[in-house]
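Student: the sequence and its predicted three-dimensional model are supplied below.
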Amino acid sequence: MHKGIVAYIIVIIILVVLAVLYTGYNFIKPLHPLATTSTIKPSSNTTTIVATTSINSSTINYSNSVSPCASFILIGQQPNSTYTTKCSTSGATLGLWVAAGTSGTESVKIVGANGRTYVNQSSNYNCTTFFQNFSAPAQLYTITFKTGVGGGSCGNPVIIINTTSTPPVTAYTYVLNGNFGNGQFTGWNVSGAGFGAGPFNITYQDAKMCYRGSPWTNYNGTYFATTYNCAISVAPGNLTSAPLIVTSGKPFLNFRVISPQDNGLYIELFRGSTPVTIAHFNTYNQSLTINGSSTFQNVSIPLTPYIGQQLRIKVVGDAINRNNYIAIGDFATAKRPIQQKGVAVNITTLSN
């Protein structure tokens with residue numbers, strides 16, 4: 001009897017040993033499968049917390065790295081958001097450029113590591129515009145950029161910090177500072193004395209009666225560029241814009257102008273250093289039945305031959321008669337032209 005039991009036990013032991021050698025311990029099922037499940041699958045509470053934080057947050061840490069303040073750019077991708085990041089400098093005078101873009105409004109606060117606030121501003125400038133200079137001692141700076149809720153135009157909201165001597169080296173899909181809205185020639189290269197130290201303030205000049213015949217009319221904005229100097233003197237001068245990338249969605253350059261027919265007053269488009277289009281206008285045309293010397297007219301230059309190319313706009317004011325001047329502004333690219341009939345003398349394509 002005992003010998004039979006012993007033999008039976010020996011057989012069982014042999015079978016177990018063979019099973020272990022063949023499969024390892026995988027043939028033994030776990031005693032607590034629920035414990036294995038909870039280890040592999042995170043709890044539903046953890047997943048919910050992470051998702052809620054990501055979706056509902058309106059404060060965005062833009063970058064964990066520290067950028068040089070002298071070559072800094074921050075692009076806001078979302079409306080109604082607050083972006084925070086840092087930059088550093090060894091000490092410099094810096095320039096702040098801002099654009100509210102499609103968010104409608106923007107605000108920037110720049111605080112040094114010493115706790116001092118160096119910039120605290122807000123604006124509704126749609127397109128990139130120079131805002132202010134500020135002296136930045138050597139230290140780390142925290143930058144807070146807030147975007148608006150919408151209602152603007154001109155692309156994404158953006159802030160740029162760089163040295164004051166050079167505007168941002170960028171080719172834009174719009175005319176940078178096309179309406180001279182900050183009262184300066186920001187983004188435009190000025191040569192000669194003809195256009196003066198800055199744009200005309202239309203309200204101020206009307207109050208001074210600095211116009212010919214009647215107050216300035218039909219202009220959409222406060223500032224415009226002109227070689228008119230209250231009929232006191234005249235000097236040649238040119239304005240050249242920042243680079244403009246022509247897009248298929250907006251193949252027309254629209255703007256407003258006052259100009260008699262004069263070979264020394266015209267607009268040129270340049271591709272690199274090569275002139276590709278030249279345009280002369282005559283707002284003094286009697287068929288317009290208006291005061292041509294102070295009423296802006298809508299004009300357009302087609303850009304379709306240059307889609308995908310970079311152009312610069314050059315406003316030439318080389319007339320020597322003090323009563324012959326050019327006044328211009330409200331530059332914008334558009335889907336359709338706004339050309340006033342009877343204003344264009346010629347628009348000549350020089351090169352494709």
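Tutor: That came in fine, so what should we check first?
Student: can you give me the buried ones in the helix or strand containing residue 268?
Tutor: Using DSSP states H and E, residue 268 sits in strand 265-271. Of the residues in strand 265-271, those buried by neighbour count under the rule 16 or more other Cβ atoms under 10 Å are 265-271. Every C-beta, even on glycine, is put in place using the N, C-alpha and C of the backbone.
Student: let me have the residues you listed in CSV, extended by distance to residue 119 and pLDDT.
Tutor: Converted to CSV, the buried residues of strand 265-271 look like this (distance: Cβ to Cβ, whole Å; pLDDT from 0 to 100):
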residue, distance to residue 119, pLDDT
265, 40, 95
266, 40, 96
267, 36, 97
268, 37, 97
269, 36, 96
270, 35, 94
271, 37, 90
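Student: between those residues, which is nearest residue 234?
Tutor: residue 265 (11.1 Å; Cβ to Cβ).
Student: can I get the strand holding residue 268 in PDB, CA atoms only?
Tutor: In PDB, the C-alpha atoms belonging to strand 265-271 read as follows (Å, rounded to 0.1, in the frame of the first residue of the first chain):
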ATOM      1  CA  LEU A 265       5.900 111.300 -59.000                       C
ATOM      2  CA  TYR A 266       5.300 107.600 -59.300                       C
ATOM      3  CA  ILE A 267       5.200 104.200 -57.600                       C
ATOM      4  CA  GLU A 268       7.700 101.400 -58.500                       C
ATOM      5  CA  LEU A 269       7.700  97.700 -57.600                       C
ATOM      6  CA  PHE A 270      11.100  96.100 -57.200                       C
ATOM      7  CA  ARG A 271      12.100  92.400 -57.200                       C
END
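Student: check which strands are paired with it and give the direction for each one.
Tutor: strand 274-281 (antiparallel), strand 310-317 (antiparallel) (DSSP bridges).
Student: for residue 336, find the nearest of the ones you listed.
Tutor: Closest approach to residue 336 among those (Cβ to Cβ): strand 274-281, 17.6 Å.
Student: so how far is the closest one from its chain's centroid?
Tutor: 27 Å (Cα atoms, centre = their mean, to the nearest Å).
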